[in-house]
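Undergrad: Compute the structure for the input listed below.
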Amino acid sequence: MATRNVLLTRILAVAACVTLLMMVSGDEESQDAGRLEGSASDVPTEVEREPAPAQESPESVHVLVNKQNPLSPRDYAPDDLRNVDAPHEFADAPLREEAAGAYEQLHAAAAEEGIDLWATTAYRDGDFQETLYEQRRLVDGPEAADRVSARPGHSEHQTGLAVDVADLQDRECYLHPCFGDSEQGRWLADHAYESGFIIRYPEGAEAITGFAYEPWHLRYLGTETAQEVHESGLTLEEFWDRSPAPDYAESYELDDAESSGPD
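TA: Numbering: from 1, shown residues only. Sure thing, here's the model as predicted:
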């Protein structure tokens, strides 16, 4: 009788231990599942990623420059400019270091597919931009000039993040809207974002961007933001939820030569 009681006690003890171990194991699995669930929810997915916002600083690759948002300071000049190591039409084609490297990747990718690209103008300082703009005003008049040429302090070229490209063999469409229908223009529209660039002034968006269609004008944003803008189909103003900039916020003061008129 005593022996049976001892055996029964041992069986009950073992059963209790097994039950306790199962309970502990279950708690640990539940905790592990909770940790995994929590860690998974803490990792942002691609859908959850917030787009990089527009910046005011000209040092940022996300600076927004248009007719309503001039550079600050107006005479800003990047301190990391260098010539792109790719074919360019004129003696110099400088961009900021990051943008220059990205353009070289863009050119190499195009060349692999038999697309011949040349950089025309890239960075322009404020004085150069002023000369271009005032020449355009004299030749075409103020309204026409404002559709195709930025005033000094309002040009993306002054950021060192913009470059105009062309097919030098096709002079008819050189810096003209028909460049968008060329082999080069179509390739850029489809692939520029892969190297961090967008077509900054798309067709039919002048009321938002302030400038006529320029399929040759590339703006560097970095690969992530360029892809997001490209896939959205929006202008940069719309993508960053900024107001349209069809007109300048202030009048333009003519220089002495233009205001005095011809002799």
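
Undergrad: Give me the nearest residue to Val163, chain neighbours excluded.
TA: Spatial nearest neighbour of Val163, excluding adjacent residues (Cβ to Cβ, 6 or more residues apart in numbering): Ala122 at 4.3 Å. C-beta: built from backbone N, CA, C; applies to glycine.

Undergrad: residues near that neighbour, how many?
TA: Counted with other Cβ atoms under 10 Å, the burial measure for Ala122 works out to 26 neighbours.

Undergrad: From Ser195, how far off is it?
TA: Distance check for Ala122 against Ser195: by Cβ to Cβ, to the nearest Å, it reads 15 Å.

Undergrad: What ranges does this protein have for its helices?
TA: For the chain, the helices defined by DSSP state H cover 2-42, 97-112, 126-140, 142-148, 183-191, 206-209, 223-232, 236-239, 256-260.

Undergrad: Surely Phe211 is in contact with Ala150?
TA: Yes. With the criterion set as Cβ atoms under 8 Å, Phe211 and Ala150 qualify as a contacting pair; they are 7.4 Å apart.

Undergrad: Of these two, which one has the most company?
TA: Ranked by neighbour count (other Cβ under 10 Å), Phe211 and Ala150 place Ala150 first, with 24 against 21.

Undergrad: Who are the contact partners of the more buried one?
TA: Shown here is Ala150, whose contacts under the criterion Cβ atoms under 8 Å, 6 or more residues apart in numbering are Lys67, Gln129, Tyr133, Glu156, His157, Phe211.

Undergrad: Now do the contacts for the fifth one.
TA: Taking Cβ under 8 Å, 6+ apart as the contact definition, His157 lies against Thr121, Ala122, Tyr123, Arg124, Gln129, Ala150.

Undergrad: try the second one
TA: Remark: with contacts taken as Cβ under 8 Å, 6+ apart, Gln129 is in contact with Ala150, Arg151, Pro152, Gly153, Ser155, His157, Gln158.

Undergrad: Which of those residues lies at the shortest distance from Glu206?
TA: Closest approach to Glu206 among the contacts of Gln129 (Cβ to Cβ): Ala150, at 13.3 Å.

Undergrad: What degree of burial does the nearest residue to His88 once chain neighbours are set aside show, as a neighbour count?
TA: Of all residues beyond its chain neighbours, the one nearest His88 is Ala119 (4.0 Å), with distances taken as Cβ to Cβ, 6+ apart. Under the neighbour criterion other Cβ under 10 Å, Ala119 is assigned a count of 25.

Undergrad: measure Ala119 to Ala145 for me?
TA: Per Cβ to Cβ, Ala119 is found 24 Å from Ala145.
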